[in-house]
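Undergrad: my questions concern the predicted model and sequence given below.
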Amino acid sequence: MTVLVTGATGNVGRHVVEELLGGGHKVRALSRDPAGAGLPPGVDVRAGDLSVPDSLAPALEGVTAVHLITFDGGNGAMLRTGPQIARLAADAGVRRITMLWSGEPGPVEEAVAAEGLAWTTLQPQEFMSNALNWTGSVRAEGVVREPFGATRSAMIHEADIGAVAARTLTEEGHAGKEYVLTGPEVLDVPRKLAVLSEALGRDIRFVELTEQEARERMRRAGASQEAIDHVIGWYADPPEEAYTVTHTVEHLLGRPARTFAQWARENAEAFR
């Protein structure tokens, strides 16, 4: 089978690609910039943009399954091109779609279901890789600045998301399932920083931002208003699923989910 991975150069997408390659599957990757994708040898990288549906048709030729992101990788806004994407996938003979949930059902999820395609949604809570946003301030000052320090989340390792995606794309029995994915523990920001400090062998100081300061920082970084409202709203009042540990990863993969301490050790050099 040939599997198309959208968002293939992202923190999760790269792991989906690696897991599929490791399982011996043919992998095609969608990228706005194929020449700069930096994906492993053996990956068939095609040019395409989910916000421009007509660009997808060549990449879908001969594809059996698709890992689909439901948001714009450029600005984080929810994709509005779901009906066109779903129709192109159906016309190409795609049999299975895994959708990386953007936080609430949107046009992509609705269109894929309406088209009658076999779908699975992956609903990860906070990605551990979000901590990479702290690398600059940790390296320069030993400081992390974030709002809502008391907000707790059961962060998940992006490699676990990738492994679950690869499993659901290549096995039977996952159609119509909604998998809530978490790590094995619930952490607030100070506890995350304590774990990261231990991995680095140096203390990291926490400075709490106001909501307005956090919004302005995202705006300066180029985030859309929709993405800003979604992210700030999530951290201000996270859903119960965000701080409730599930065992879905262990159930599907036959091993425990990775811890944030593992992630911190693996990524320590990025903070030094």
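TA: That came through, no problem.
Undergrad: now stretch 234-251: buried residues?
TA: Neighbour counts using 16 or more other CB atoms under 10 Å place 234-235, 238, 242-243, 246, 248-249 of stretch 234-251 among the buried residues. Placement of C-beta: from N, CA and C, glycine included.
Undergrad: if I look at A159, how far off is R205?
TA: A159 sits 29 Å away from R205, taking CB to CB, to the nearest Å as the criterion.
Undergrad: who's in contact with R217?
TA: For R217, the contacting residues are L209, by CB atoms under 8 Å, 6 or more residues apart in numbering.
Undergrad: just the pLDDT for the residue at minimal distance from the centre of the chain.
TA: Nearest to the geometric centre of the chain sits V12, at 4.7 Å (CA atoms, centre = their mean). Here the pLDDT value assigned to V12 is 94.
Undergrad: is it in contact with D160, as I believe?
TA: No - the pair V12 / D160 is not scored as a contact, 9.7 Å apart, by CB atoms under 8 Å.
Undergrad: about what we covered before: comparing A159 and R205, which residue is more hemmed in?
TA: More crowded of A159 and R205, by other CB atoms under 10 Å: A159, with 22 against 13.
Undergrad: my read is that that one contacts R258, right?
TA: Yes - contact status for A159 versus R258: in contact at 6.7 Å, counting by CB under 8 Å.
Undergrad: sorry, back to before: dump the buried residues of stretch 234-251 to TSV, plus secondary structure.
TA: What follows is these, written out as TSV (DSSP: H, G, I helix; E, B strand; the rest coil):
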residue	secondary structure
W234	helix
Y235	helix
P238	coil
A242	helix
Y243	helix
T246	coil
T248	helix
V249	helix
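Undergrad: which of the residues you listed sits closest to E115?
TA: T248 (25.7 Å; CB to CB).
Undergrad: dump the residue contacts of that closest one.
TA: T248 touches 164, 179-182, counting by CB under 8 Å, 6+ apart.
Undergrad: among those, which one has the most neighbours?
TA: Neighbour counts for these peak at V164, which has 27 neighbours (criterion: other CB under 10 Å).
Undergrad: tally of neighbours for S51?
TA: As a burial measure, S51 scores 15 neighbours (other CB under 10 Å).
Undergrad: that one against L79, yeah?
TA: Yes - counting by CB under 8 Å, L79 is a contact partner of S51 at 6.5 Å.
Undergrad: next, show the common contact partners of the two.
TA: Jointly contacting S51 and L79 under the rule CB under 8 Å, 6+ apart are D72.
Undergrad: who's in contact with the closest residue to S55 other than its chain neighbours?
TA: Spatially, and ignoring its direct neighbours in sequence, S55 is nearest to G48 (4.4 Å; CB to CB, 6 or more residues apart in numbering). The neighbourhood of G48, defined by CB under 8 Å, 6+ apart, consists of 6, 30-32, 55-56, 58-59.
Undergrad: separation between G48 and A29?
TA: For G48, the distance to A29 - CB to CB - is 9 Å.
Undergrad: alpha carbons of the helix or strand harbouring R215, as CSV, please.
TA: Per DSSP states H and E, R215 falls inside helix 211-220. Output in CSV follows, covering the C-alpha atoms of helix 211-220 (Å, rounded to 0.1, in the frame of the first residue of the first chain):
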residue,chain,number,x,y,z
GLU,A,211,-3.5,36.6,28.7
GLN,A,212,-3.1,39.9,26.8
GLU,A,213,0.7,39.5,26.7
ALA,A,214,0.3,35.9,25.4
ARG,A,215,-2.1,37.0,22.7
GLU,A,216,0.2,39.8,21.5
ARG,A,217,3.1,37.4,21.4
MET,A,218,1.2,35.0,19.2
ARG,A,219,0.0,37.9,17.0
ARG,A,220,3.6,39.0,16.5
